[in-house]
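Asks: Dropping the sequence and predicted coords here.
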Amino acid sequence: MAKFKRILLKLSGESLMGEKKYGIDEKHLGEYAQQIKEIHDMGVQIGIVIGGGNIFRGLSGAGKGFDRVKGDQMGMLATVINSLGLSSALVAAGVKARVLTAIRMEPIGEFYTKWKAIEAMENGEVVIMSAGTGNPFFTTDTGSSLRGIEIEADVMLKGTRVDGIYTADPEKDPTATKFDEITYDEVLARGLKVMDLTATCMCKENNLPIIVFDMDTVGNLKKVMSGENIGTLVHP
């Protein structure tokens with residue numbers, strides 16, 4: 001039995017690069033699709049938001065002279081490319097998938113509404129919600145918080161390259177220790193970079209719990225859904 005009935009899965013664009021320096025690693029994408037298929041077969045309703053950092057990141061583009069609004073719009077399009085790639089991998093794995101976009105761009109994807117997303121999930125489709133919030137100055141973290149709240153998800157699962165939340169960056173500080181669970185208030189007070197401030201506050205105000213876990217270890221997504229205590233739980 002799955003621990004949660006409906007989830008919002010947040011994936012980073014960078015993680016899709018796998019061993020590459022840019023773009024999408026097809027092997028890595030296929031592994032993600034198989035992990036998602038495993039929990040789909042458990043009867044879980046799945047909504048997904050993917051970042052675009054493997055192709056273009058709006059904020060870093062602004063630092064290189066791009067207009068911030070245009071840079072963010074380029075980042076939104078990068079998330080659409082990633083969403084199309086994941087939907088293709090899911091269909092190849094035998095899972096029905098639908099791409100919804102926050103900006104009108106039929107026939108690439110259908111225009112997002114909460115009700116369209118929920119109806120598709122209830123019909124057994126994996127729904128990939130792309131183009132962020134459709135607005136500049138918002139990250140895909142905020143986009144995933146918004147979508148998770150809108151689709152009434154039981155939890156947001158934030159799949160990263162790290163196995164949870166630490167007191168400091170474990171890749172830089174060997175003395176960093178991992179939290180099994182932590183409150184939103186403590187995340188904010190400690191200034192931990194779980195998600196950006198807007199996203200964290202939205203989850204806090206709407207009581208959407210977050211589980212941060214290592215998605216790059218094959219089988220971890222199913223372990224989280226089976227109730228195994230891996231990663232870090234962020235709760236009210």
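Replies: Ah, there it is.

Asks: Following element in sequence after the helix or strand of the chain with the lowest mean pLDDT, please.
Replies: When the helices and strands of the chain are scored by mean pLDDT, DSSP states H and E, helix 58-63 comes last with a mean of 72. Using DSSP states H and E, the helix or strand that directly follows helix 58-63 along the chain is helix 68-92.

Asks: Run through the neighbouring helices and strands of that next one.
Replies: Applying 3 or more Cβ pairs under 8 Å, 6 or more residues apart in numbering; DSSP states H and E, one finds that helix 68-92 contacts helix 26-40, strand 45-50, helix 58-63, strand 97-101, strand 126-130. For glycine as for every other residue, the C-beta is placed from the backbone atoms N, C-alpha and C.

Asks: still on that earlier bit, helices and strands around the least confident helix or strand of the chain, which ones?
Replies: Helix 58-63 packs on helix 68-92, going by 3+ Cβ pairs under 8 Å, 6+ apart.

Asks: Check what contacts the least confident helix or strand of the chain and list those residues.
Replies: 66, 68, 71, 72, 73, 74, 75, 76, 136, 139 (Cβ atoms under 8 Å, 6 or more residues apart in numbering).

Asks: what residues are up against the nearest residue to residue 94 once chain neighbours are set aside?
Replies: Closest residue in space to residue 94, ignoring its immediate chain neighbours: residue 37 at 6.9 Å, by Cβ to Cβ, 6 or more residues apart in numbering. For residue 37, the contact set (Cβ under 8 Å, 6+ apart) comprises 90, 93, 94, 95.

Asks: that older thread, can I get the least confident helix or strand of the chain as PDB, trimmed to CA atoms?
Replies: What follows is helix 58-63, C-alpha atoms only, in PDB (Å, rounded to 0.1, in the frame of the first residue of the first chain):
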ATOM      1  CA  GLY A  58      16.800  32.500 -15.900                       C
ATOM      2  CA  LEU A  59      18.500  33.900 -12.900                       C
ATOM      3  CA  SER A  60      22.000  33.000 -14.100                       C
ATOM      4  CA  GLY A  61      21.100  34.400 -17.500                       C
ATOM      5  CA  ALA A  62      20.200  37.700 -15.900                       C
ATOM      6  CA  GLY A  63      23.600  37.700 -14.400                       C
END
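
Asks: Now rank the contacts of helix 58-63 by neighbours and give me the top one.
Replies: residue 75 (27 neighbours; other Cβ atoms under 10 Å).

Asks: Please convert the contacts of residue 37 to TSV, extending it with neighbour count and distance to residue 45.
Replies: Shown next, in TSV, are those (neighbours: other Cβ atoms under 10 Å; distance: Cβ to Cβ, whole Å):
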residue	neighbour count	distance to residue 45
90	26	14
93	17	17
94	10	17
95	19	13
